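[1] Need the 3D shape of this:
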Amino acid sequence: KGAELALEETDTKIQLITQDSKFEGKASIDAANFLLNVENVDVLNALFHLPAQSVSDLAKNQKTPFIYEAYTRSMLDNNPYAFKAHFDAMEGCEQLMQYANENSHYKKIGVLMAQTEYNQLCLEGMKKVEPNIQEHWYSFGTTDFKTLLTKMNYEGIDSLMTVMIDFEYAAMFKQLTELGYPMKVMCATASECIYPQIESDIPAEVLNGTLAIDFIPPRIRETAMGKKYLAKHP
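    Down below sits the predicted model:
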């Protein structure tokens, strides 16, 4: 919908064709093949790391410009036709860690992260600022963090950093609330970390002190784009 609003503001006749990646590798490849070989699109766009990684080689083989919106950089290294948008895990986590360090936001910090490329990059960025970080890893898609949170609390960690998908955040905040551990969260990005369901389901005292880095203006509803979006999509 945001892309459609942007196209309305241009004078060029650009046709937007969408397919659902279903956040799966095979579905992403099927969708990209349809767009490239049936619709013959001039530019291919993908959202999130898994779909982007799955279809990058298809765009590369057809020498089609490929714009992807994900936290990771690997597609830039492997595809000369790739262009990256959106938050960058390494730079963003380094900036967030620098802010936390300068503002004494933590005494002992740990990471709660899925074994993904973007989290490895995030940790690399964090360690440029703070080398003493306790690492706790899980498999992507996990929604039971109680054992890891209990271990982190036992280790005396008072602030945890993570980059998750929205459903992982929902489970993590819920379990942090149930366990009653006084850990504050540092996360990326705000749009996935603190969203309306989280704000309504999780007590304010648990969310207070959360740090996030994002490219979205905090008062986006009051911006020109926000007003336009809400007028068309209330």
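
[2] Would you mind giving the secondary structure of Val111?
    Put simply, Val111 is strand when judged by DSSP: H, G, I helix; E, B strand; the rest coil.

[3] I'd say it and Glu130 touch.
    No. Val111 sits out of contact with Glu130 when judged by CB atoms under 8 Å, with a separation of 10.5 Å. Just so you know, the C-beta spots here come from the backbone N, C-alpha and C atoms, and that holds for glycine as well.

[4] Which parts of this protein are strands?
    Using DSSP state E, the strands assigned to the chain run over residues 44-47, 66-69, 82-85, 109-114, 133-138, 159-163, 184-188, 211-213.

[5] if we can go back for a sec, and Val111 and Glu130? Which one has more around it.
    Ranked by neighbour count (other CB atoms under 10 Å), Val111 and Glu130 place Val111 first, with 22 against 15.

[6] so what's the more buried one up against?
    Residues near Val111 by CB atoms under 8 Å, 6 or more residues apart in numbering: Asn119, Cys122, Leu123, Met126, Ile133, Gln134, Glu135, His136, Leu160, Met161, Thr162.

[7] Now it. Nearest residue, chain neighbours left out?
    The shortest distance from Val111 to any non-neighbouring residue, by CB to CB, 6 or more residues apart in numbering, is to Met161 (5.0 Å).

[8] what's the answer for Leu123, then?
    Per CB to CB, 6+ apart, closest to Leu123 is Val111, 5.9 Å.

[9] what's in contact with the helix or strand of the chain with the lowest mean pLDDT?
    Taking mean pLDDT, DSSP states H and E as the measure, the chain has helix 190-193 as its least confident helix or strand, at a mean of 83. Residues outside helix 190-193 that contact it (CB under 8 Å, 6+ apart): Met164, Ile165, Asp166, Tyr169, Val185, Cys187, Thr210, Ala212, Ile213, Asp214, Ile216.

[10] if I look at the first one, how far off is Lys108?
    When CB to CB, to the nearest Å is applied, the distance between Met164 and Lys108 equals 21 Å.

[11] of those two, who's got more company?
    Met164 (24 against 13).

[12] And the residue nearest to the spatial centre of the chain, how close does it get to Ile165?
    Nearest to the geometric centre of the chain sits Thr189, at 5.3 Å (CA atoms, centre = their mean). Distance, Thr189 to Ile165, using CB to CB: 11 Å.

[13] With adjacent residues omitted, what lies nearest to Ala27?
    Ser21 (5.7 Å).

[14] so who does the spatially closest residue to Pro65 that is not a sequence neighbour touch?
    Sequence neighbours aside, Val43 is the residue nearest to Pro65 in space, at 4.8 Å (criterion: CB to CB, 6+ apart). Applying CB under 8 Å, 6+ apart to Val43 gives the contacts Thr64, Pro65, Phe66, Ile67.

[15] correct me, but the residue nearest to Ala27 touches Asp30?
    No. The criterion here is CB under 8 Å, and Ser21 misses it with Asp30 at 9.0 Å.
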